[in-house]
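A.B. asks: what's the 3D shape of this:
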Amino acid sequence: MVFVRHALPGERVVAEITEETSRFLRADAVEILAPSPDRVEAPCPFAGPGRCGGCDWQHASLPAQRRLKSAVVAEQFQRLAGIERDVAVEELPGTPDGLGWRTRVQFAARPDGVVGLRRHRSHEIEPIDACLIAQPEIEKAGVEHRNWRGASGVEVIASSSGERAVVITPRPRRTVAVPDLDAAAAVLVDEGRGRTRAVKGSGVLHERVGDRTFQVTGSGFWQVHPEAAATLLDAVLTFADVKPGQWALDLYCGVGLFAAGLAEAVGPDGAVFGIESEQAAVRDARRNLRDLPQATVERGRVEDALDRFEIERADLVVVDPPRAGLGRDVVHRVADLRAARIVYVSCDPATLARDVAWFGEHGYTLSDLRAFDAFPMTHHVECVALLVAA
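C.D. replies: Below is the predicted model of the structure:
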């Protein structure tokens, strides 16, 4: 089997092998002999074989990208869960050309201080002068045009409230002389283990969703598409069908986006319990939920926190795990709660489908599934699944 990047279904190409394993080959399409009708010229000069590894689908039209993502989601559910399910990947508002959406960009830095983006499956860095999928507020900082000697990485963040932050990851035993930027920004240093130190400004950003404002410290997790948080919150609450007075869990709750919506829905007679492993995110979540006394957030790994906090039941569970998914042990523990509904948010359809199959062993069925094009120009897709107890 050969996996060929930069090609589209039905095309005839010249492919150059880039990696060989005992089970498959990886290759790049270096010459297009018979192009697909869906092929377009990549808008970014740094996209293509051997170049930046961030945008792998710039050569496909946006409708074609969404069709391909739909096919990937369907294939993963059929192969890993034995479920035949067609899903249309939905476009998010605000980015009709698929560009200028990314609100968080992580640049890598070479030893000489030049920054860029990593090449596909490589530690090599492709220097760039602009990232076309980055939000304009990111590019206004001018990070790509400065020298960052002593740094291994530089992350630039632009919040929906107009704030900007730069998070520097220094090389071991090195200091970074922070250059002047083209636009105002807080500057933080990543000290490892989830800790950052502000060297200019507070580094606390604010994200607006509906009528609520969420505090996010430094490079803490937040959706990178400006419309993703609101869209996913709406999808989660629709699937959850929350009733006043219910008892809900929000696992991997981050800074409390879903917990806030759930808490408003269950009302003062209900309760929401969130679990999050990152200390800074827990602090942010508690601040973000301070007007909702029915919501509680505790720090811990979901793998053991459910037992540590003696949680034995729930009416509803929302999970938003990392790309690796829940895994069999967490699936088993969540299923034991016997919630009527489980809403699963995932950025990886493969691990989602795998976990859905394991939930099936506990009597849960896939009731509904939505997918969102939260990462245009890339193969990534965000899914929200509804599992119901038999």
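
A.B. asks: roughly how far is stretch 324-334 from the heart of the chain?
C.D. replies: Chain-centre distance of stretch 324-334: 19 Å, with C-alpha atoms, centre = their mean, to the nearest Å.

A.B. asks: What residues sit buried inside it?
C.D. replies: By neighbour count on 16 or more other C-beta atoms under 10 Å, the buried set for stretch 324-334 is 325-326, 330-331, 333-334. In this view, the C-beta of every residue, glycine as well, is placed from N, C-alpha and C.

A.B. asks: For R193, report the pLDDT, please.
C.D. replies: R193 is assigned a predicted lDDT (pLDDT) of 79.

A.B. asks: separation between it and G53?
C.D. replies: 27 Å (C-beta to C-beta, to the nearest Å).

A.B. asks: Look at those two and report which has more neighbours.
C.D. replies: Using other C-beta atoms under 10 Å, the more surrounded residue of R193 and G53 is G53, with 18 against 7.

A.B. asks: From the buried residues of stretch 324-334, which land in helices?
C.D. replies: Taking DSSP state H as the definition of helices, the buried residues of stretch 324-334 contribute 330-331, 333-334.

A.B. asks: now the residues you listed in a markdown table, with pLDDT?
C.D. replies: Compiled in a markdown table, these are given as follows (pLDDT from 0 to 100):
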| residue | pLDDT |
| --- | --- |
| V330 | 98 |
| V331 | 98 |
| R333 | 97 |
| V334 | 98 |
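
A.B. asks: and the two most separated of those?
C.D. replies: Largest separation among those by C-beta to C-beta: V331 and R333, giving 7.5 Å.

A.B. asks: Now do the buried residues in stretch 63-73.
C.D. replies: Buried residues in stretch 63-73 (16+ other C-beta under 10 Å): 64-70, 72-73.

A.B. asks: what is the mean pLDDT for that stretch?
C.D. replies: 98.

A.B. asks: Please enumerate the strands of the stretch 101-250 of the chain.
C.D. replies: Along the stretch 101-250 of the chain, the stretches classed as strands by DSSP state E, counting those that start in this stretch are 104-109, 115-118, 125-127, 151-158, 164-170, 186-192, 195-200, 204-209, 212-217, 247-251.

A.B. asks: again, but for the stretch 251-390 of the chain
C.D. replies: Under the criterion DSSP E, counting those that start in this stretch, the stretch 251-390 of the chain carries strands at the ranges 271-276, 295-299, 316-319, 341-346, 364-373, 382-389.

A.B. asks: Okay, now the unreliable bits of the stretch 101-250 of the chain?
C.D. replies: Nowhere does the stretch 101-250 of the chain drop to pLDDT under 70.

A.B. asks: Keeping just the C-alphas, turn the longest helix anywhere in the chain into CSV.
C.D. replies: Looking across the chain with DSSP H, the single longest helix is helix 62-81. The C-alpha coordinates for helix 62-81 follow below in CSV (Å, rounded to 0.1, in the frame of the first residue of the first chain):
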residue,chain,number,x,y,z
LEU,A,62,-12.7,23.6,-0.5
PRO,A,63,-15.8,21.6,-1.5
ALA,A,64,-13.5,18.7,-2.5
GLN,A,65,-11.7,18.9,0.9
ARG,A,66,-15.0,18.6,2.7
ARG,A,67,-16.0,15.6,0.6
LEU,A,68,-12.7,13.9,1.3
LYS,A,69,-13.1,14.5,5.0
SER,A,70,-16.6,13.1,4.9
ALA,A,71,-15.2,10.0,3.2
VAL,A,72,-12.5,9.6,5.8
VAL,A,73,-15.0,9.8,8.7
ALA,A,74,-17.3,7.3,7.0
GLU,A,75,-14.4,4.9,6.3
GLN,A,76,-13.1,5.0,9.9
PHE,A,77,-16.5,4.3,11.3
GLN,A,78,-17.1,1.4,8.9
ARG,A,79,-13.6,-0.1,9.4
LEU,A,80,-13.2,0.4,13.2
ALA,A,81,-16.7,0.3,14.5
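
A.B. asks: got the angle for it vs strand 382-389?
C.D. replies: Per axes from the mean of the first three to the mean of the last three C-alpha atoms, to 10 degrees, the angle that helix 62-81 makes with strand 382-389 is 40 degrees.

A.B. asks: what packs against helix 62-81?
C.D. replies: strand 89-91, helix 349-360, strand 364-373 (3 or more C-beta pairs under 8 Å, 6 or more residues apart in numbering; DSSP states H and E).

A.B. asks: out of those, nearest to E163?
C.D. replies: Minimum separation from E163 across those (C-beta to C-beta) falls at strand 364-373, 25.0 Å.

A.B. asks: Run through who's touching the closest one.
C.D. replies: 62, 65-66, 69-70, 73, 77, 81, 83, 85, 87-92, 228, 231-232, 235, 239, 335, 342, 349, 356, 360, 381-390 (C-beta atoms under 8 Å, 6 or more residues apart in numbering).

A.B. asks: Give the buried residues for it.
C.D. replies: 364, 366, 369-373.

A.B. asks: now it against strand 382-389, angle please.
C.D. replies: For strand 364-373 against strand 382-389, the angle by the same axes, to 10 degrees is 160 degrees.

A.B. asks: quick revisit: as a markdown table, the buried residues of stretch 324-334 with distance to Q135 would be great.
C.D. replies: Output for the buried residues of stretch 324-334, formatted as a markdown table (distance: C-beta to C-beta, whole Å):
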| residue | distance to Q135 |
| --- | --- |
| G325 | 29 |
| L326 | 31 |
| V330 | 34 |
| V331 | 36 |
| R333 | 38 |
| V334 | 35 |
